[in-house]
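Asks: Sharing a model prediction with you, sequence too.
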Amino acid sequence: MTTTDMTGHTIVVTGAGSGIGRATTQLLASRGAHVVVADIAESAHETVELVTGAGGEATAVVADISDEQAAADLIALAAERGDRLGLVNNAGIMDAFAGAAHVDTAQWDRILRVNLTAPMYLIRAAIPVMLERGGGAIVNVGSSASLRGGAAGAAYTSSKHGLIGLTLNTAYTYGKQSIRCNAACPGGVETNIMSGTDMSAMNPEHGLAAITPVHQSAIRNAKPEELAQVIAFLASDAASDVNGAVIPVDAGWSAG
């Protein structure tokens, strides 16, 4: 068995109904993992059909993981599917690129709940299972907004900075017990994360045009499959000595 062989692993991937989550699911399943495909949308079932049609194994769960009980139930279901438990916290939602003076309270609360509190719920539920079974791997999908202040609005940026704090604390706290926690931080990716954002309502003085001119003009958008390669590596035994890493996957945007 190679270090990239995921046979015997059950891995929860959130936001797996499309984009990075779907590509990650397909790659992990192709390497032998049973993937629990979690999404708030019914497209989770479409991802499972793609996996099983290619000979892989997957289970769809349609749920709102920002609900504490739904997150716990998701991990409990995954724990019944195999011996080695893994978790990819990929689900996330974008803000309207507003600064703190303009951010809507309801949007702030929803973004923090989906992008930060939900991963905490899932990690909290997964760690006891991982400890009981001798370890596990957690991969949090951050963002260029995890690393800088000019990649999104106040809500999204704060949530993704917080996710890095959660990553590092989890890595430090549980690393000696064979639980690894790392983060991949994509830049622009060809996904539908912006589909719920009303671009026409943005004020150019505090919106996308004001804070991301370099990204708009110089940095290409990645394919979801490119992010999946990095996430799958971090979830696999090939990354057995990688813990607490925060890896930009952004074509050099964060280097500028």
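Replies: Looks like it came in fine. Computed from a predicted structure; not experimentally measured.

Asks: Low-confidence stretches in the stretch 51-200 of the chain?
Replies: Applying pLDDT under 70 to the stretch 51-200 of the chain flags the ranges 192-200.

Asks: now with 90?
Replies: Filtered on pLDDT under 90, the stretch 51-200 of the chain yields the residue ranges 81-83, 188-200.

Asks: Can you list the residue ranges for strands in it?
Replies: Counting by DSSP state E, counting those that start in this stretch, the stretch 51-200 of the chain has strands at residues 57-62, 84-89, 136-141, 179-186.

Asks: mind listing what the second one pairs with, with the direction of each?
Replies: To tie it back to what came earlier, the one meant is strand 84-89. Strand 84-89 has its sheet partners listed here by DSSP bridges as strand 9-14 (parallel), strand 136-141 (parallel).

Asks: As a markdown table, these with distance to A184 and mean neighbour count would be great.
Replies: (Each C-beta comes from the backbone N, C-alpha and C, glycine too.) Below are the strands paired with strand 84-89 laid out as a markdown table (distance: least, CB to CB, whole Å; neighbours: other CB atoms under 10 Å):
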| stretch | distance to A184 | mean neighbour count |
| --- | --- | --- |
| strand 9-14 | 13 | 28 |
| strand 136-141 | 6 | 28 |
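
Asks: now these as a markdown table including distance to L85?
Replies: Shown next, in a markdown table, are the strands paired with strand 84-89 (distance: least, CB to CB, whole Å):
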| stretch | distance to L85 |
| --- | --- |
| strand 9-14 | 6 |
| strand 136-141 | 5 |
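
Asks: Which one, of those, ends up nearest to L168?
Replies: strand 136-141 (10.1 Å; CB to CB).

Asks: what comes into contact with that closest one?
Replies: 15, 20, 84-90, 92, 119, 123, 126-127, 129-130, 163-164, 166-167, 170, 178-186, 227, 231, 234-236, 239 (CB atoms under 8 Å, 6 or more residues apart in numbering).

Asks: would you list the strands of the stretch 51-200 of the chain in a markdown table and tack on distance to L28?
Replies: Shown next, in a markdown table, are the strands of the stretch 51-200 of the chain (distance: least, CB to CB, whole Å):
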| stretch | distance to L28 |
| --- | --- |
| strand 57-62 | 9 |
| strand 84-89 | 8 |
| strand 136-141 | 10 |
| strand 179-186 | 14 |
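
Asks: Ok, which of the ones you listed comes nearest R148?
Replies: strand 179-186 (9.8 Å).

Asks: Which strands border that closest one, and is each parallel or antiparallel?
Replies: strand 136-141 (parallel), strand 246-249 (parallel).

Asks: any chance of the ones you listed in CSV, with distance to A70 too?
Replies: What follows is the strands paired with strand 179-186, written out as CSV (distance: least, CB to CB, whole Å):
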stretch, distance to A70
strand 136-141, 18
strand 246-249, 28
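
Asks: what's the burial count for E80?
Replies: 9 (other CB atoms under 10 Å).

Asks: Select only the buried ones of the contacts of strand 136-141 in ChimeraX?
Replies: To isolate the buried members of the contacts of strand 136-141 in ChimeraX, using 16 or more other CB atoms under 10 Å:
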select :15,20,84,85,86,87,88,89,90,92,119,123,126,127,129,130,163,164,166,167,170,179,180,181,182,183,184,185,186,227,231,234,235,236,239
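
Asks: And the spatially most central residue of the chain, how close does it get to G99?
Replies: Note on the chain: the residue nearest the mean C-alpha position is N90, at 1.7 Å, using CA atoms, centre = their mean. Distance, N90 to G99, by CB to CB, to the nearest Å: 26 Å.
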